[in-house]
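S.K.: model the structure of this input:
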Amino acid sequence: MGGIVNRLGYHRAPMPHATPFPRESARFVLPGRAGAIELATTWPQAPRRAGVAIVCHPHPLYGGTMDNKVISTLAKATLDARLASAAHSAGILGLEAARAHHLLNLGRAELQAGDADSGRATLEQAIKLADGCGDARTAASARTHLAQFLRDTGDTTLALAMAEQAARWFDAAGGGDGAAEATHLLADLRRETAT
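M.R.: From the prediction side, this is the model:
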């Protein structure tokens, strides 16, 4: 039997030639292994996006359509939503730990979108806020992501200091989400700075 074997040992046919994904609002047909699927994309007018949302309608056999009012409303809401507004709202409500966590996610999204200056500043703000309200896990996660950014931009000295702080906290806390990432980053930075 030809094709590709996945990690569970099942055979599958190779994907058809990839269709470029449009970078503007559009309706198009995307080929897939089980057949074509019609898609609609919407892109915000602002140059910065906080993330991606995939909104799927109910199965067509049960009356679901792409033009369903609920689906259209959800799609519009995803364009209006920003992690920055979530962080701002949490701050107004006095939920500083939640605000720090939202800022961590916003900083990561800004870095992924290529906005290095905003991403760095937002991660630094998340660390300051998380340290101030005692949310050490969020502070450690933000330090890990900032350390990765600093490493990528060549500031290995500061990256090493950030990674050491993050890994030390994860180690003392017994691990958890982000521990492996911090530990691996620290090991890589130590190896790089030793040469």
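
S.K.: give the contact list for residue 176.
M.R.: 137, 170 (C-beta atoms under 8 Å, 6 or more residues apart in numbering). Heads up, the C-betas are built off the backbone N, CA and C, glycines and all.

S.K.: so what pLDDT did it get?
M.R.: For residue 176, the model assigns a pLDDT of 80.

S.K.: now do it against residue 101, distance only.
M.R.: Per C-beta to C-beta, to the nearest Å, residue 176 is found 14 Å from residue 101.

S.K.: export whatever helix or strand residue 191 lives in as PDB, just CAs?
M.R.: Per DSSP states H and E, residue 191 falls inside helix 179-194. Taking Å, rounded to 0.1, in the frame of the first residue of the first chain, the C-alpha atoms of helix 179-194 are listed here in PDB:
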ATOM      1  CA  ALA A 179       9.600  24.000  32.600                       C
ATOM      2  CA  ALA A 180      11.000  22.000  29.700                       C
ATOM      3  CA  GLU A 181      11.100  25.000  27.400                       C
ATOM      4  CA  ALA A 182      13.000  27.000  30.000                       C
ATOM      5  CA  THR A 183      15.400  24.200  30.800                       C
ATOM      6  CA  HIS A 184      16.200  23.500  27.200                       C
ATOM      7  CA  LEU A 185      16.700  27.200  26.400                       C
ATOM      8  CA  LEU A 186      19.000  27.500  29.400                       C
ATOM      9  CA  ALA A 187      21.100  24.500  28.300                       C
ATOM     10  CA  ASP A 188      21.400  25.900  24.800                       C
ATOM     11  CA  LEU A 189      22.400  29.400  26.100                       C
ATOM     12  CA  ARG A 190      25.000  27.900  28.400                       C
ATOM     13  CA  ARG A 191      26.500  25.900  25.600                       C
ATOM     14  CA  GLU A 192      26.500  28.900  23.300                       C
ATOM     15  CA  THR A 193      28.100  31.300  25.800                       C
ATOM     16  CA  ALA A 194      30.700  28.700  26.900                       C
END
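
S.K.: give me the contact list for it.
M.R.: 140, 143-144, 147-148, 151, 156-157, 159-160, 163-164, 166-167, 170-171, 173.

S.K.: those residues in helices, which ones?
M.R.: Among the contacts of helix 179-194, the ones falling in helices (DSSP state H) are 140, 143-144, 147-148, 151, 156-157, 159-160, 163-164, 166-167, 170-171.

S.K.: for the chain, what are the low-confidence residue spans?
M.R.: Low-confidence segments of the chain (pLDDT under 70): 1-24, 30-38, 42-55, 57-64, 66, 71-72, 74-94.

S.K.: so which elements touch whatever helix or strand residue 106 lives in?
M.R.: For residue 106, the host element (DSSP H and E) is helix 96-112. If you count contacts as 3 or more C-beta pairs under 8 Å, 6 or more residues apart in numbering; DSSP states H and E, helix 96-112 packs onto helix 83-92, helix 116-133, helix 136-152.

S.K.: tally up the residues packed near the closest residue to residue 156 other than its chain neighbours, please.
M.R.: Closest residue to residue 156 apart from its sequence neighbours, by C-beta to C-beta, 6 or more residues apart in numbering: residue 193 at 5.4 Å. Applying other C-beta atoms under 10 Å, we find 12 residues neighbouring residue 193.
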